[in-house]
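> whatever this is, show me its structure:
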Amino acid sequence: MKSNLIILTIAIFLASLIIGFWLTVFNFNWYREQFTALGVYDQLPKSRVDAQTKNLLAFFQDQAGLDQSFYSNREISHLVDIKNLLAGFKKVSWLVLSIVAGYFLLLTAKQRLNSRILFFSSALAAGAILILAGLIALFFNQLFLVFHQLAFANDYWQLDPAAEKLIVIFPPQLFLDLIAQFLIRAILISLMIALVGEIAGRFFAKPAKF
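Have a look, this model is predicted:
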């Protein structure tokens with residue numbers, strides 16, 4: 001029982017993060033709201049920012065070529081690195097979600113998955129994501145630096161806002177807000193699973209015997 005609870009908590013934690021990330025990262029309307037809030041449209045023409053953002057999102061999904069006339073060679077190299085990173089993470093995401101789905105099916109087949117364990121594991125996963133969000137908020141600058149140092153084998157991510165437009169459109173604050181957005185969605189996904197577990201538990205509860 002305890003081992004199933006721990007493993008299921010980790011499974012829901014990872015699945016919620018992955019789903020929350022992919023539901024957020026390509027949401028063009030969300031970026032437009034951020035550009036307004038962060039004053040990006042005050043620094044560059046709105047039509048240009050929107051066009052480049054749409055192009056980038058399409059480029060990262062292999063739906064369009066990169067508009068290279070807008071960027072320096074350094075920026076282009078960094079964008080290619082990001083595309084490769086997202087492609088790799090997509091494969092990892094499918095692998096993890098497949099393993100999680102397989103584990104759910106295994107527990108169900110062995111009749112070890114019930115509403116009670118589903119509720120508690122989902123609630124614990126939501127709590128873990130909340131703690132993660134707090135740590136990221138406290139140490140964002142340090143984590144942002146370490147992530148780039150580990151994820152990229154070069155320093156092309158160190159851009160100059162006076163000379164390169166990519167950092168103007170996507171400032172560090174936007175990435176903090178992006179992380180917050182997908183973590184909120186991940187928490188909601190975990191809580192929805194917990195709610196399903198609670199409802200299922202009440203619905204399938206055996207009547208008391210007198």
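> residues contacting residue 125?
Each residue near residue 125 by Cβ atoms under 8 Å, 6 or more residues apart in numbering is listed here: 9-10, 12-13, 16, 190, 193. Glycine gets a C-beta too; all of them are placed from N, C-alpha and C.
> contacts for stretch 38-49 next, please.
Applying Cβ under 8 Å, 6+ apart, the external contacts of stretch 38-49 come out as 34-35, 70, 165, 168-169, 171, 173-174.
> report the contact partners of the closest residue to residue 113 other than its chain neighbours.
Distance criterion Cβ to Cβ, 6 or more residues apart in numbering; nearest residue to residue 113, sequence neighbours excluded, is residue 107 at 3.7 Å. Residues counted as contacts of residue 107 (Cβ under 8 Å, 6+ apart) are 4, 8, 113.
> next, count neighbours for the second one.
Residue 8 is surrounded by 24 other residues when neighbours are defined as other Cβ atoms under 10 Å.
> so residue 70 makes contact with residue 52?
Yes. Under the criterion of Cβ atoms under 8 Å, residue 70 makes contact with residue 52 at 5.7 Å.
> in the helix ranked longest in the chain, what counts as buried?
Under DSSP state H, the helix in the chain containing the largest number of residues is helix 73-109. Burial within helix 73-109, assessed by neighbour count using 16 or more other Cβ atoms under 10 Å, is assigned to 74-76, 78-79, 81-83, 93, 97, 100, 103-104, 107.
> show me where this structure has helices.
Using DSSP H, helices in the chain cover 2-24, 28-37, 40-43, 46-60, 73-109, 115-138, 140-151, 166-169, 172-203.
> reformat these as a markdown table; add distance to residue 159 and mean pLDDT.
Below are the helices of the chain laid out as a markdown table (distance: least, Cβ to Cβ, whole Å; pLDDT from 0 to 100):
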| stretch | distance to residue 159 | mean pLDDT |
| --- | --- | --- |
| helix 2-24 | 23 | 91 |
| helix 28-37 | 17 | 96 |
| helix 40-43 | 14 | 95 |
| helix 46-60 | 14 | 96 |
| helix 73-109 | 7 | 92 |
| helix 115-138 | 22 | 92 |
| helix 140-151 | 11 | 94 |
| helix 166-169 | 4 | 94 |
| helix 172-203 | 11 | 87 |
